[in-house]
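*Asks:* quick check, what structure comes out for this input:
(one chain, ligands or ions: 3)
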Amino acid sequence: MQHDLVIKGGTLATASDTFGADIGIRDGRIATLGHDLTGDDVIDATGKLVLPGGIEAHCHIAQESGMGLMTADDYETGSISAAFGGNSCFVPFAAQKKGQSVAETLATYDGRAAPKSVIDYSYHLILTDPNADVLAELPDAFARGVTSFKVFMTYATRVSDAQFLDILTVARRHGGLTMVHAENHDMLTWMATNLVKNGYTDPKYHAPARPALAEEEAINRAISLSKLTNAPLMIVHVSTPKGAQLVAQARADGAYVFGETCPQYLFLTRDDLDRPGQDGAKYICSPPLRDTETQDVLWRHIAGGTFSVVTSDHAPFRFDESGKFSNGRDVDFRQIANGMPGIEMRLPMLFSEGVVKGRISLNQFVALSSTNAARLYGMHPTKGTLAIGADADIAIWDPTDTRIAGEMHDAMDYNPFEGMKVTGWPVTVLTRGRRVVDQGTLVAKPGDGAFVKRGRSDLSGLTGTRLPETDPATNFGAQVLR
Ligand code: DUC
Ligand code: ZN
Ligand code: ZN
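*Replies:* Ligands and ions are numbered 1, 2, ... in the order given. Take a look at the predicted model:
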C-alpha cells in the first residue's frame, strides 16, 4: 500500500507494548504497522521513540479564573506550547459563568478555540450554576461530544453537595465523567482569615492556608457522593498522601473513582513559596505545593496505578499586573492569582524523572500521558494509541536529548521548572498525520486543530458501587438511581 507519510525505523511504544516498526499513514490515520513501508513522504525515526501523541487533559486556556482573570495563553499560544511538549490533543475547560447557559458557554469557547488551535481539542464543561435549566441542557452537551464536567468544592464557583449529586447523576446516565476540585471551602476560608488577621500575608502563607486535611476531607466526601450515585468521578490535582490513599481505596472498593496528579506536586515544594521578594507568588497554585515526603508517596501511587493521568494543570498567569498582581503588588496571598504554567514541561519531566530514572516503565508513561486520558474522556481508540485505524496523533521523541529547562513557547514570562535538567524531549509531533512541530520547528497554522467529538467514558476494570439503600432489591423496591 502506498502511504501519504511513513515514519520509518523508530521504536514504537503503546500502553502495553514496545516494538520496532514503521508506521504508514493515509488520510490522517494509521493505515499500516509493518516493515519496509513506502510513502510519498518519510520521517526517519531511527534512534527515536514513536509514541501516541500526548493528551493534556487538565489545562486552562483562554479561560477566566474564578476571580475573573483571563489566562495569558489563548488557544494559539496554549496549543503551540502543548505541541512542543509532545501533545497532539488537549482538553481545556469551558467555564460556565453564573447565569450563562451551557449553549452560550460552549459557543464562547468554540469562538476562542476553532480559529486558533494548532492541535485537536475538546473541553470539559465547568459547571458553576447547575440550576434546573442548566441540568436540562446537559444532554445537548453530550450529544455534541462534550462528555466531561468539572465542579469545585471551594471558591465562589463551588457547588453544594446536593448540586454535585445532581451533576454526578446526569453524567452517569449519559456515560460522562465528572471531575472535581476537592478542598473544603470553609476550612480554607477559616485558615486564611486567621492568618491574614494576624499579619501573615506573604505568598508563602498560601501553603498553611490550605491544609492537607482540607483536601483529604473533600476527597473523602467527593468519593462518598460518587459511591452514593454510583457515578464516575475524577479527583483532579491530588496533592496529598492521604488523598491518594483515599483514591486507591475507593478503586479497590470497585468505585468508579479515578485520580490525577500534576508535576508541581512531584517537583516543587512549599519552600518555593518562600523565595525572596515576591517570587513566591509564582508558586501559588491550588491545592498548594507540599513537601518532599509527599512527592515520594505520590510517585509510588503513580507507579502503583492509583493515578490514571498525570496532567499539567497549566493555569498561566504572568508575573506582572496582567496576572499574579492584577489586584496590585501590596496584597495578601488571597488576592494573588492561583496557578502556574507547565503544559510544555509535563511530558518531558515525566519522561525524564519517571522513565529515565526508572520510576515507571515507558508503557506506563504512554498510559499516563495519553492512553488513559483517551479512555476516560471518550476518545479511545481513535486517539491515545498506535493502532490501525487510529488517528495518526504521534509524538516522536529523542530519548537522549538533554536540556536545561528555560523559556517555553507559551505566553508566560516565567517557567516554574526553569533550571531543571531534563533528558528526553519530543522533536516532531503530528495531529491526524499532519506535522504540527517538525524537528523542533512549528509548521502548523492556527485553526489546523479540530474539535474532537468525544464519547462515553471507559470504566473497564471497576465494578461500581450499588449501595443497599439505592438498590431496589434491598430498599423495598425504590428506584433511586435512574
Ligand atoms: N484549580 C485548578 O484546577 N487549576 C488552577 C487553580 C485551581 O484552583
Ligand atoms: Zn482545581
Ligand atoms: Zn486546573
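
*Asks:* what about the helices in this protein?
*Replies:* Along the chain, counting by DSSP state H, helices occupy 75-84, 102-113, 132-143, 161-174, 185-197, 206-209, 212-229, 241-252, 263-267, 292-304, 346-350, 362-366, 372-376.

*Asks:* give me whichever of the ones you listed is most buried.
*Replies:* helix 75-84 (a mean of 29; mean count of other C-beta atoms under 10 Å). Heads up, the C-betas are built off the backbone N, CA and C, glycines and all.

*Asks:* and that helix, is it in reach of ligand 1?
*Replies:* No - applying C-beta under 6 Å from any ligand atom, one finds helix 75-84 out of contact with ligand 1, separated by at least 13.9 Å.

*Asks:* and that helix, what does it pack onto?
*Replies:* strand 87-90, strand 421-431, strand 434-438, strand 441-442 (3 or more C-beta pairs under 8 Å, 6 or more residues apart in numbering; DSSP states H and E).

*Asks:* list the contacts of S117.
*Replies:* Neighbouring residues of S117 by C-beta atoms under 8 Å, 6 or more residues apart in numbering: Y75, E76, G78, S79, P446, G447, D448, G449.

*Asks:* which single residue in the stretch 351-482 of the chain comes nearest to ligand 1?
*Replies:* Residue of the stretch 351-482 of the chain nearest ligand 1, by C-beta to the nearest ligand atom: P416 (13.2 Å).

*Asks:* burial check on that residue, number of neighbours?
*Replies:* 20 (other C-beta atoms under 10 Å).

*Asks:* got phi/psi on the residue nearest to D40 when sequence neighbours are not counted?
*Replies:* Spatial nearest neighbour of D40, excluding adjacent residues (C-beta to C-beta, 6 or more residues apart in numbering): D4 at 5.7 Å. Torsion angles at D4 (phi, psi; degrees, to the nearest 10) stand at phi -70, psi -40.

*Asks:* swap in K357?
*Replies:* phi -90, psi 0.

*Asks:* the nearest residue to G304 once chain neighbours are set aside and ligand 1, how far apart?
*Replies:* Leaving aside its chain neighbours, G304 sits nearest to A248 (7.5 Å; criterion: C-beta to C-beta, 6+ apart). For A248, the distance to ligand 1 equals 21 Å [C-beta to the nearest ligand atom, to the nearest Å].

*Asks:* ok, A248 - contacts?
*Replies:* A248 neighbours (C-beta under 8 Å, 6+ apart): G259, H301, G304, T306.

*Asks:* list just the nearest of those residues to ligand 1.
*Replies:* Once C-beta to the nearest ligand atom is applied, the member of these that ends up nearest ligand 1 is G259, at 13.8 Å.

*Asks:* could you give the bridge partners of that closest one?
*Replies:* Taking DSSP bridges as the rule, G259 bridges to I235, F307.

*Asks:* isn't it up against H237?
*Replies:* No - using C-beta atoms under 8 Å, G259 is not in contact with H237, being 9.5 Å away.

*Asks:* chain neighbours aside, what residue packs nearest to R482?
*Replies:* Nearest one to R482, counting by C-beta to C-beta, 6+ apart, is R173 at 7.4 Å.
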